[in-house]
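*Asks:* Model the structure of this input:
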Amino acid sequence: MTRRPALRRALAALLVAASAIALAACARIPTSGPVVQGDAVVNQDTRGINLIPDGPAAGASASDVVLGFLHAGTGTQNNYEIAREFLAPGFANQWDPYARVLITEKDPRVVSQDLTHVTVEVDAVAEVDPNGQYTPYATAKTYQLDFDTVDIDGQIRISSAQSGITLLEQNFQTVFTAATLSFFDAQFRHLVPDVRWFPKHQSVHTRIVQALLQGPAQWLKDGSVVSALPIATTLMNPVTVDGAGAAQVNFSPAFSAASPERFTFMYLQLVQSLRSVPGVDSVTVLINGAKQDVQLPPEDKINPSPQVNSTPVVYRNGELGFLSTNQVTPIDGCQQVSAALPPLAPIRGAIAPNCSSAAFLAADGVSIMDPTMGRAYLVDGRQGLAAPAIDVWGYTWSTGATGPAHIANAVEREHFDLELPSSIPGDSIVALQIARDGARAAALLQDPSGSVRLAVMAISRDPTSGSPQELGSPQIVDIGKGRAVDLTWVDQTSVAMLVDNGGAAVNVLVHEIGGTTENYGSVPAAVDITGSNTLAGLRVVDTQGWVYVPRGTNWQTSGAVVGFLVDQA
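*Replies:* Next up is the predicted model:
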């Protein structure tokens, strides 16, 4: 399944597969009986590709009507107008297409039928809930769907069915789009993304705002992720977007309960979320129909998209610095740290800008570095430690195979353990990395059975110091059989993993948090991966120290040899 639009565009820029071929594959509608393929057309209102399925054929049997109805889930136009043609008049307005989306790899199959009832089975690989949250399944789940039918003037129609739609994966890619809702960390210093999936029709902007008003996904609420929008706020009418990309959002009077400063954060949250799908260039806020003069917060108040230096940082032969071609250039502010590293003999590491925080893994454990004195302080002496990570607050995270996570802060001289959620027992932690908003942690896990899993958790922090307090319930994604090798954040919404499936090379897998996982090629004997801000910024190192970069459909060596890649916080 393809990824959300921003990441898909990045993949398209790097991979040479022709988009026209991919689009043709997405446009297929499976058929059964008298139901035939409709045409793909460009809908200017939705700025996307929509599939137009056929309505019920005259004299169609009950099973053909049911299968035609399921196939008509591709037609999102006019509130699923074509799908409702398969329904009896008394039921057409009761059916809710937004209740659930079951995503399948195969066509639905009829398992039983009689004069008034049809039962269909579908093997779902994922589902989308009413708020647009995407959940992949580790293995396909078989759902039994029951339909009551009735004869109306000689034509079979459906009089009862479960709400929701069923879509083949390739059709889901075509008619749904991923929107990135924006929420905040508890300190309102960073935006925290929450990826949701909605149909590509005119109501997508309304669905985005409605989901915003519902707040972040529960797993993010388990941490310190919050919304600036007042809880009691509702939409007075659907969001409108004119041909120039100007959106108007009309809120209930409860929207005005916030302070003037909070207004700016509410507006930023709204603008960022609506702009995450094509078609919106500007946003106007109204309260009960009255236009509001709302500004974005000052740039020094919040960082909506944390970035690191796009040039990779490496350690080689006692030198710490930026890697350009095959040259290592010292980093301003890191001279003392660099000078202290050779005696430590590090094998992995992480730094904050200008080495304001730095941590390195060596044979005796993880040490944090004093950037002014050039001294290393051992803070975690456990064996079998993963590479350390540094968060936006300057805290160093290190963890062994079974946890807990050890937290250290070079400035405050804090040292404490943070227990991992009990819902991931029995897994060996191969890598743990912190998102650049500081609100989420991602862990690559090795299951005792030989399976690889990804766990993403929200981080609860002290509202004043930012000190980590607790990890929330993990979102678990089953990656499949193999050997977990390494993990890095690609950008704010995706992580990249190295997974060895026993072949000649190690696979690079990219997972969108709240979306899908894609294979991004492979690198022979890969052991280390780091990201910067985009897919093009990924770098991989093999056992010999060769640095690989993405080129076209492959990974190619850059010609540089290093000791290891250094993660940037």
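*Asks:* make it CA atoms for all contacts and neighbour counts henceforth
*Replies:* Fine.
*Asks:* What segments of the stretch 351-500 of the chain are strands?
*Replies:* With strands called from DSSP state E, counting those that start in this stretch, the stretch 351-500 of the chain shows them at 358-362, 365-370, 375-380, 389-390, 395-399, 405-409, 414-418, 428-434, 440-446, 451-461, 468-471, 475-481, 483-489, 494-500.
*Asks:* Packed most tightly, which of those would that be?
*Replies:* Comparing the strands of the stretch 351-500 of the chain by mean neighbour count (mean count of other Cα atoms under 10 Å), strand 389-390 ranks first with a mean of 30.
*Asks:* Given it, what are its sheet partners and their directions?
*Replies:* strand 395-399 (antiparallel) (DSSP bridges).
*Asks:* Dump the C-alpha coordinates for the longest helix along the chain into PDB.
*Replies:* Longest among the helix segments of the chain by residue count, using DSSP state H, is helix 260-274. Coordinates of each C-alpha in helix 260-274 appear next as PDB, following Å, rounded to 0.1, in the frame of the first residue of the first chain:
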ATOM      1  CA  PRO A 260      -5.700  35.500  23.000                       C
ATOM      2  CA  GLU A 261      -2.400  33.600  23.200                       C
ATOM      3  CA  ARG A 262      -4.200  30.300  23.000                       C
ATOM      4  CA  PHE A 263      -6.000  31.600  19.900                       C
ATOM      5  CA  THR A 264      -2.800  31.700  18.000                       C
ATOM      6  CA  PHE A 265      -2.000  28.100  18.900                       C
ATOM      7  CA  MET A 266      -5.500  27.000  17.900                       C
ATOM      8  CA  TYR A 267      -5.100  28.800  14.600                       C
ATOM      9  CA  LEU A 268      -1.700  27.100  13.900                       C
ATOM     10  CA  GLN A 269      -3.100  23.700  14.700                       C
ATOM     11  CA  LEU A 270      -6.000  24.300  12.300                       C
ATOM     12  CA  VAL A 271      -3.800  25.700   9.500                       C
ATOM     13  CA  GLN A 272      -1.200  22.900   9.700                       C
ATOM     14  CA  SER A 273      -3.900  20.200   9.700                       C
ATOM     15  CA  LEU A 274      -5.900  21.600   6.800                       C
END
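*Asks:* List the buried residues for it?
*Replies:* 262-274 (16 or more other Cα atoms under 10 Å).
*Asks:* what mean pLDDT does that helix have?
*Replies:* Averaging pLDDT along helix 260-274 gives 93.
*Asks:* and the strands of the stretch 351-500 of the chain, which one is worst for confidence?
*Replies:* The minimum mean pLDDT among these belongs to strand 414-418 (a mean of 84).
*Asks:* packing partners for that one?
*Replies:* Judged by 3 or more Cα pairs under 8 Å, 6 or more residues apart in numbering; DSSP states H and E, strand 414-418 is in contact with strand 405-409, strand 468-471.
*Asks:* who touches the last one?
*Replies:* Strand 468-471 is touched from outside by Gly223, Ile407, Leu418, Glu419, Leu420, Pro421, Met457, Ala458, Ile459, Ser460, Arg461, Asp462, with contacts defined as Cα atoms under 8 Å, 6 or more residues apart in numbering.
*Asks:* again, 7 Å this time
*Replies:* Residues outside strand 468-471 that contact it (Cα atoms under 7 Å, 6 or more residues apart in numbering): Gly223, Leu418, Leu420, Pro421, Met457, Ala458, Ile459, Ser460, Arg461, Asp462.
*Asks:* helix or strand right after the longest helix of the chain?
*Replies:* Next helix or strand after helix 260-274 toward the C-terminus (DSSP states H and E): strand 282-287.
*Asks:* Report the distance from the helix or strand following that next one to the chain centre.
*Replies:* With elements assigned by DSSP H and E, the helix or strand that comes after strand 282-287 is strand 290-291. Here strand 290-291 is found 35 Å from its chain centre; the criterion is Cα atoms, centre = their mean, to the nearest Å.
*Asks:* Tell me which residues are up against strand 290-291.
*Replies:* Val285.
*Asks:* Which strands border the helix or strand that comes right after that strand, and is each parallel or antiparallel?
*Replies:* Proceeding N to C from strand 290-291, the next assigned helix or strand is strand 313-316, under DSSP H and E. Strand pairing for strand 313-316, using DSSP bridges, gives strand 319-324 (antiparallel), strand 564-568 (antiparallel).
*Asks:* how far off strand 358-362 does the shortest one point, in degrees?
*Replies:* Compare the direction of strand 564-568 with that of strand 358-362 by axes from the mean of the first three to the mean of the last three Cα atoms, to 10 degrees and you get 150 degrees.
*Asks:* Where does the prediction get shaky in the chain?
*Replies:* 1-50, 410-413, 425-426 (pLDDT under 70).
*Asks:* In it, what residue spans correspond to helices?
*Replies:* 5-14, 19-26, 62-71, 77-84, 89-92, 169-175, 204-214, 218-221, 260-274, 335-344.
*Asks:* Centre of the chain to the last one, how far?
*Replies:* Shown here is helix 335-344, whose average C-alpha point lies 37 Å from the average C-alpha point of the whole chain (Cα atoms, centre = their mean).
*Asks:* Just the C-alpha atoms of that helix, please, in CSV.
*Replies:* What follows is helix 335-344, C-alpha atoms only, in CSV (Å, rounded to 0.1, in the frame of the first residue of the first chain):
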residue,chain,number,x,y,z
GLN,A,335,35.7,20.4,19.8
GLN,A,336,35.9,19.3,23.5
VAL,A,337,33.6,16.4,23.0
SER,A,338,35.6,15.3,19.9
ALA,A,339,38.9,15.4,21.8
ALA,A,340,37.5,13.2,24.6
LEU,A,341,36.3,10.4,22.3
PRO,A,342,39.4,8.5,21.3
PRO,A,343,40.1,7.2,24.8
LEU,A,344,36.5,6.1,25.1
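*Asks:* who touches that helix?
*Replies:* Identification of contacts with helix 335-344 by Cα under 7 Å, 6+ apart yields Gly318, Glu319, Leu320, Ala362, Met369, Pro371, Thr372, Met373, Gly374, Arg375.
*Asks:* This completes my enquiry, with thanks.
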